[in-house]
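Trainee: The sequence isn't on hand, but the structure is:
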């Protein structure tokens, strides 16, 4: 029941939602800070916290380390709960850049793909999916990066198999689609954004809005529901 073409899936989502806006940041360190600046909040609140960090301290590791813990906590508070933990993480990130990458994350981006992924996972809150997002959004490697919403969408469409853990499910979907990914950064970044949006708005974890889904005609999950 899955779509014959990954590109057709993305085309349908683009037709439904429109062209996604440019990413908030395409800088490797910026993406890592953006992921850590907020927790369980809307994109709008995450953007506000990131903008405050950029304005009040700047995004350079030395500037973040020079900021007081109180100032970083105030900024992190814009991004939801546990601001002290996230404020401390911002300084941890800055220290890792200076200590492990000589102050320049481009050193990680220049590594072969397996080593680049491993290096980026030194940072808090950055697992394999996060590392691949960085490599994609910085236009370093054209990988099929996915976050949880996008992964759920593709599993429900019938790509890959849901494994015993997130890592297995993620790898399974990537393996199933490896022949359809190509090397177009614009397409892959757009795919990441559109799949995420679809998972947030219609293909939700609970109570998915299948009747409104532009992909329902070829969705394995929807086909199973109709047989119940």
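Mentor: Done, it's in. Every value quoted in this text rests on a predicted model; they were computed, and no experiment measured them.
Trainee: which stretches of this protein aren't confidently modelled?
Mentor: The chain contains residues with pLDDT under 70 at 1-4, 227-228.
Trainee: Which residue would you name as the spatial centre of it?
Mentor: Among the residues of the chain, the one closest to the centroid is residue 147, at 4.8 Å (Cα atoms, centre = their mean).
Trainee: What segments of the chain are strands?
Mentor: Counting by DSSP state E, the chain has no strands to list.
Trainee: Helices of that one, residue ranges please.
Mentor: With helices called from DSSP state H, the chain shows them at 6-17, 28-36, 43-56, 61-66, 69-77, 83-100, 106-109, 113-120, 128-137, 148-157, 166-177, 185-201, 220-227.
Trainee: could I get the ones you listed as JSON lines with mean neighbour count and distance to residue 209?
Mentor: For every residue, glycine as well, the C-beta is placed using N, CA and C. Shown next, in JSON lines, are the helices of the chain (neighbours: other Cβ atoms under 10 Å; distance: least, Cβ to Cβ, whole Å):
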{"stretch": "helix 6-17", "mean neighbour count": "17", "distance to residue 209": "12"}
{"stretch": "helix 28-36", "mean neighbour count": "23", "distance to residue 209": "27"}
{"stretch": "helix 43-56", "mean neighbour count": "17", "distance to residue 209": "19"}
{"stretch": "helix 61-66", "mean neighbour count": "17", "distance to residue 209": "41"}
{"stretch": "helix 69-77", "mean neighbour count": "18", "distance to residue 209": "33"}
{"stretch": "helix 83-100", "mean neighbour count": "18", "distance to residue 209": "32"}
{"stretch": "helix 106-109", "mean neighbour count": "17", "distance to residue 209": "38"}
{"stretch": "helix 113-120", "mean neighbour count": "16", "distance to residue 209": "34"}
{"stretch": "helix 128-137", "mean neighbour count": "22", "distance to residue 209": "25"}
{"stretch": "helix 148-157", "mean neighbour count": "22", "distance to residue 209": "12"}
{"stretch": "helix 166-177", "mean neighbour count": "17", "distance to residue 209": "22"}
{"stretch": "helix 185-201", "mean neighbour count": "20", "distance to residue 209": "8"}
{"stretch": "helix 220-227", "mean neighbour count": "13", "distance to residue 209": "11"}
